[in-house]
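Asker: this one's sequence-less:
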Ligand SMILES: Cc1cc2nc3c(=O)[nH]c(=O)nc-3n(C[C@H](O)[C@H](O)[C@H](O)COP(=O)(O)OP(=O)(O)OC[C@H]3O[C@@H](n4cnc5c(N)ncnc54)[C@H](O)[C@@H]3O)c2cc1C
Ligand code: SF4
């Protein structure tokens, strides 16, 4: 339990009190941002080509922006001199996995595009501010199976009310540490700017990368992450006028696009179509071991798994001093797209009516 | 870029009849869109009359173009766009060899009177030909504006590079150009000292790099007194790349992506689809719909499916009184109603061929008999060869680099200059590769399985095609006319094209052919070039045969100049004979040098827009009765 | 099942694995296309000839000989087999030669056409050379500056299902 420290700027209590604690939080943030990418990509590529244009564009944009979020977290880490590593064995969660949110009511799965998937996406991105200061951090009951992401990294018995509150904690922690460092005549933001990923190296479509070099830019990076997810101050758009992820997905349920001036829940723009049948029924949360040994599909799934690991290693290098490498990440993601599509169109051996699915979670070493 | 919902259908014939606009613009391509944009920004009321159908621009609407393209077996450069009886357009597949000395080919929309048969095209859809252009964005050289003074060739320009320079920059912003300024200082091209392009240059393709390794630094002997060193140089491109933070004195640049009625984040950066012509799937490439979407948020009426039929003038003073148009209800039928549009000023922006066609069909030939004459279009000569090693052909944008050193020089006294494109899509333009390679390998070489895969790599990934874009000078006899015998289904007279490739151009072509032999030699590449006399475009010159293909860079049919005796419009593209009429676009260019025409024609349109803003302001001021005239 | 046979045959003549072919998502559509043009009987004859004469031949040289003799070199089956290859590679069904239709009857559908808009986007022609069909399956900004990634050939030209006898 950390002592409550009052922040000079905002006088709010922070759990984060040391660099090690900040690191734990930022590592958790990396995992959190990454954990949504496999479910989004799988849903995206499960769409039959040529159908569901509206859904395709919506999910694609969100998936790419999750990559942006990952990159923003990496920039914050580099700015305070922390190292980024996406290659740990358990970096990719074992799906289904829990994300922190107000209610412990949903698991995130790698699954085909469906009503259920849309509901999950809404859950992931939902705007949720804790009703009061004391309910930001809640006791976390034992949830049994599945990985728990971004519970309080310092105190595993507690979890945050929502992703927004989780980032709020990092925000407070950064302010607090910055203040502490200053008081001691030290500088918190000592990272080499050459390690920062700039707009030249990463392009996401919506939302620009923030180069982090001081407290203000660090807070701005975090703000972009939460606003892109859930909107600015309860509105449907973020500070740059871009529709937030939550409301993007909500359009799929409500059948209309939002436009400027709309209020939440009442999109008044052009209609949009969703066809839940024009989807490959990919296996939900498949593990490598589920595929019959020696089958071509198993081999392909394994190959993909390895490639995905290489991709994360490549990203790690980009976030660890070689930002230029991020330029290759986009072509790489397009190749992953081709691999995923190939898998998804192949039937799951021995499971009639089910299609193969990419396996992102690192396979335990002993199996082959 | 958000397209205002409903804007495509908010105007109808009755609304138009009830209004006198500040400006009536015919044609919603880049030329019309930019003028509409600049004038509406000043609060001027604008009507855009557009021949093509126009639904609101949406991603799904755009994707119907894309699916039509995917679905057709014949992927010519109009493949994505609908064939509609009321608005026919030229199609390269309609070009046929003409019998020697005779007989027009009336099979396509363009009636081809020859002797040369061209496969040049333009597109009549909302946004015009920029939907399907390649978007290579070259400035003309300073010496291009002085061709007649320096080398005694072509018609004189009433303005020069320095007057156009700021407008070039403005056009580069509007189109969103990617290039590195360091690469673009050659042959006198100059910029303000701190200028950079809005976005950084697109990386050169692996194929470009392979060619560069083989030829950079080679010196070419041209004529007796000139030795020109050449190198592979990237082209400025009208497609989105990495924004340059130094642009606009450090304010940077925000690329404009796909257009739709709802928010989409697509097209902010080129993805290397290698399909810029005929359609960029993600709208990373500029098209005029981007300018239109912004413009239609203002007091701009767009009346689509309205084909301008006749320009009416007051016989007393020559002023245009109204535009008569034919409006069809159903794009599949040619039933129409007639409507009239009135404005204080009129702009024809339907492109060089259509502008001339409309004027001539309206009986408005100028006294100097220049409308429709001096038709220009770049002459393309293709040469192709197989490189000794895999160069990864068929990847990237259609073309990332080329050789531009022969765009200028003293040799222009007697032969045409040219610019060379290295085509990332291999021999496609010349032979239909890679599909024709597939057919040959399977059907004739009887390859299958691994053998087939290996042969494809050997025979396709090694392809190199050089496209020589050769200057064509104005010539009175190269022209657009109309003939009441040839009408389209809506009753509009079709353009009749008479064209001969000038000898000046052919001397350039002969030199280009020779040069490519030298270059292939240096690269160790096996020359596969061949021109078939039975195909259209075949030209014999100096005992050798060549094939000259259309450049799609139409110009010259209403040249600008300093006097009504020698030109149709003045340096603001204002008609000498019809005070309130502006003929805009490539048609005003007295020469075209070796720059794809659109950047220059857009700069000219920006100039016209500035002039019109002032002109309307001047007219608004209370002045003495004598100058108010009929209004 | 006819689809499995069709894919196995296609794998051998295209040089791509059955996994790759099914991975294009076009197998059913191509089977329908071929059946529509040449009829069930002729297609069955082709697949039977392949199964009877080629599948069990082990030695690579002999296998190629059998494939050429029994299928690709056959006046009736050869042009269809080659058209199947081209269909997988380009998404387009090319009109059968006139002398074929003269001898073996009018096809169920005339002319050259694309199996579907999506078929084009899955053409193997571009996979084979490490490129993308123009306008589809974009490779990403700047990818063109590096040498092409030309996919390796499968370990064996013999289709997996034929090897494992499934
Ligand atoms: C394959 C190809 C590649 C090209 N590549 C390049 C390049 O790389 N770089 C470059 O600079 N240029 C290029 N061009 C040329 C470029 O596209 C044109 O110069 C440019 O689009 C002309 O713009 P515009 O607005 O003047 O005319 P257009 O774009 O042709 O627009 C004219 C508009 O007027 C409408 N219209 C026509 N007739 C009527 C009528 N009677 N009534 C009402 N409306 C009418 C049309 O529907 C259209 O919307 C290329 C062209 C082609 C075909
Ligand atoms: S290469 Fe592609 S993405 Fe880039 S502009 Fe051309 S078609 Fe568009």
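Answerer: Cool, got the structure. The shown structure was predicted, so the numbers you read here are calculated from the model rather than taken from an experiment. Numbers count the residues shown, from 1 in each chain, chains lettered A, B, ... in the order given. Ligands and ions are numbered 1, 2, ... in the order given.
Asker: Going by C-alpha atoms from here, please, whenever you check contacts or count neighbours.
Answerer: OK.
Asker: which bits of chain A sit near ligand 1?
Answerer: Taking C-alpha under 6 Å from any ligand atom as the criterion, ligand 1 has no neighbours within chain A.
Asker: In chain A, where's the longest helix?
Answerer: Criterion DSSP state H: the longest helix present in chain A is helix A:53-79.
Asker: Which elements pack onto it?
Answerer: With contacts taken as 3 or more C-alpha pairs under 8 Å, 6 or more residues apart in numbering or on different chains; DSSP states H and E, helix A:53-79 sits against helix A:19-35, helix A:37-46, helix A:215-230, helix A:245-254, helix A:296-319.
Asker: switch the cut-off to 6 Å
Answerer: helix A:215-230 (3 or more C-alpha pairs under 6 Å, 6 or more residues apart in numbering or on different chains; DSSP states H and E).
Asker: what angle do the helix it packs on and helix A:19-35 make?
Answerer: Here the directions of helix A:215-230 and helix A:19-35 differ by 30 degrees (axes from the mean of the first three to the mean of the last three C-alpha atoms, to 10 degrees).
Asker: which parts of helix A:215-230 are buried?
Answerer: Residues of helix A:215-230 classed as buried by neighbour count (16 or more other C-alpha atoms under 10 Å in any protein chain shown): A:215, A:217-230.
Asker: what about it, near chain B?
Answerer: No. Legend: contact between helix A:215-230 and chain B by C-alpha under 6 Å from any C-alpha of the partner chain is lacking; minimum distance shown is 12.9 Å.
Asker: What's the mean pLDDT across that helix?
Answerer: Average pLDDT, helix A:215-230: 87.
Asker: Packing partners of that helix?
Answerer: helix A:53-79.
Asker: which is the next helix or strand following the longest helix of chain A?
Answerer: Using DSSP states H and E, the next helix or strand after helix A:53-79 towards the C-terminus is strand A:97-98.
Asker: Which strands border the helix or strand just after that following strand, and is each parallel or antiparallel?
Answerer: Sequence order places strand A:107-108 as the next helix or strand after strand A:97-98, per DSSP H and E. If you go by DSSP bridges, strand A:107-108 pairs up with strand A:97-98 (antiparallel).
Asker: Just name the shakiest helix or strand of the chain by mean pLDDT.
Answerer: With no chain named, the answer covers chain A. Among the helical and strand segments of chain A, the one scoring lowest on mean pLDDT, DSSP states H and E is strand A:137-139, with a mean of 58.
Asker: Wait, chain C was what I had in mind.
Answerer: The helix or strand of chain C with the lowest confidence, counting by mean pLDDT, DSSP H and E, is helix C:160-164 at a mean of 84.
Asker: Which single residue of the stretch 401-550 of chain B approaches ligand 2 most closely?
Answerer: Nearest residue of the stretch 401-550 of chain B to ligand 2 (C-alpha to the nearest ligand atom) works out as residue B:424 at 9.9 Å.
Asker: for chain C, same thing?
Answerer: residue C:135 (6.0 Å).
Asker: I'd say that residue and residue B:275 touch.
Answerer: Yes. Using C-alpha atoms under 6 Å, residue C:135 is in contact with residue B:275, at 4.8 Å.
Asker: one step back: would you mark the buried spots in the longest helix of chain A?
Answerer: For helix A:53-79, using 16+ other C-alpha under 10 Å, the buried residues are A:53-79.
Asker: Tell me what angle it forms with helix A:19-35.
Answerer: 160 degrees.
Asker: Which residues of chain A lie near ligand 2?
Answerer: Of all the residues in chain A, not one is in contact range of ligand 2 (C-alpha under 6 Å from any ligand atom).
Asker: where does chain A dip in pLDDT?
Answerer: Across chain A, the ranges flagged by pLDDT under 70 are A:1-14, A:99-105, A:128-159, A:161, A:204-207, A:230-234, A:364-368.
Asker: Now with 50, please.
Answerer: Within chain A, the stretches falling below the threshold (pLDDT under 50) are A:1-11, A:100-103, A:142-150, A:366-368.
Asker: Could you chop it up by domain?
Answerer: A:19-254, A:288-366 (automatic domain parsing).
Asker: what about the shortest one and chain C, any contact?
Answerer: Yes. Using C-alpha under 6 Å from any C-alpha as the criterion, contacts between domain A:288-366 and chain C involve A:330, A:331, A:334, A:342, A:345, A:346.
Asker: Quick one: the residues you listed as TSV, columns for secondary structure too.
Answerer: Formatted as TSV, the residues of domain A:288-366 next to chain C follow (DSSP: H, G, I helix; E, B strand; the rest coil):
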residue	secondary structure
A:330	helix
A:331	helix
A:334	helix
A:342	helix
A:345	helix
A:346	coil
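Asker: Report the buried members of those residues.
Answerer: Neighbour-count burial within the residues of domain A:288-366 next to chain C applies to A:330, A:331, A:334, A:342, A:345, A:346; the criterion is 16+ other C-alpha under 10 Å.
Asker: how close does residue B:205 sit to residue B:177?
Answerer: Distance, residue B:205 to residue B:177, by C-alpha to C-alpha, to the nearest Å: 18 Å.
Asker: give me the number of residues near the nearest residue to residue B:91 once chain neighbours are set aside?
Answerer: Leaving aside its chain neighbours, residue B:91 sits nearest to residue B:121 (5.8 Å; criterion: C-alpha to C-alpha, 6 or more residues apart in numbering or on different chains). Per other C-alpha atoms under 10 Å in any protein chain shown, the neighbour tally for residue B:121 reads 20.
Asker: I'd say residue B:121 and residue B:90 touch.
Answerer: Yes. In this structure, residue B:121 is within contact of residue B:90 by C-alpha under 6 Å, at 5.2 Å.
Asker: The helix or strand harbouring residue C:63 near chain B anywhere?
Answerer: Using DSSP H and E, residue C:63 falls within helix C:60-67. No. Against chain B, helix C:60-67 shows no contacts by C-alpha under 6 Å from any C-alpha, the least distance being 9.9 Å.
Asker: Skip ahead from that helix and say which helix or strand is next.
Answerer: Assignment by DSSP H and E places the next element after helix C:60-67 at helix C:77-90.
Asker: For that next one, give me every contacting residue.
Answerer: By C-alpha atoms under 6 Å, 6 or more residues apart in numbering or on different chains, the surrounding residues in contact with helix C:77-90 are C:14, C:46, C:71, C:72, C:93, C:120, C:123, C:124, C:125.
Asker: can you do 7 Å?
Answerer: B:442-443, C:13-14, C:46, C:71-72, C:92-94, C:120, C:123-125 (C-alpha atoms under 7 Å, 6 or more residues apart in numbering or on different chains).
Asker: Neighbour count added to those residues, as CSV?
Answerer: Shown next, in CSV, are the contacts of helix C:77-90 (neighbours: other C-alpha atoms under 10 Å in any protein chain shown):
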residue, neighbour count
B:442, 22
B:443, 16
C:13, 25
C:14, 29
C:46, 23
C:71, 25
C:72, 24
C:92, 27
C:93, 24
C:94, 20
C:120, 28
C:123, 21
C:124, 28
C:125, 28
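Asker: Greatest separation within those residues: which pair is it?
Answerer: For the contacts of helix C:77-90, the farthest-apart pair by C-alpha to C-alpha is C:71 and C:120; their separation is 25.9 Å.
Asker: so who does residue C:16 touch?
Answerer: With contact set as C-alpha under 7 Å, 6+ apart, residue C:16 has these partners: residue C:154.
Asker: Can you tell me the SS state at it?
Answerer: Classification of residue C:16 by three-state DSSP places it in coil.
Asker: can you check residue B:291 too?
Answerer: Residue B:291 - assigned by three-state DSSP - is helix.
Asker: just to revisit the earlier point, could you dump the domains of chain A to JSON lines with distance to residue B:618?
Answerer: Conversion of the domains of chain A to JSON lines gives the following (distance: least, C-alpha to C-alpha, whole Å):
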{"stretch": "domain A:19-254", "distance to residue B:618": "39"}
{"stretch": "domain A:288-366", "distance to residue B:618": "53"}
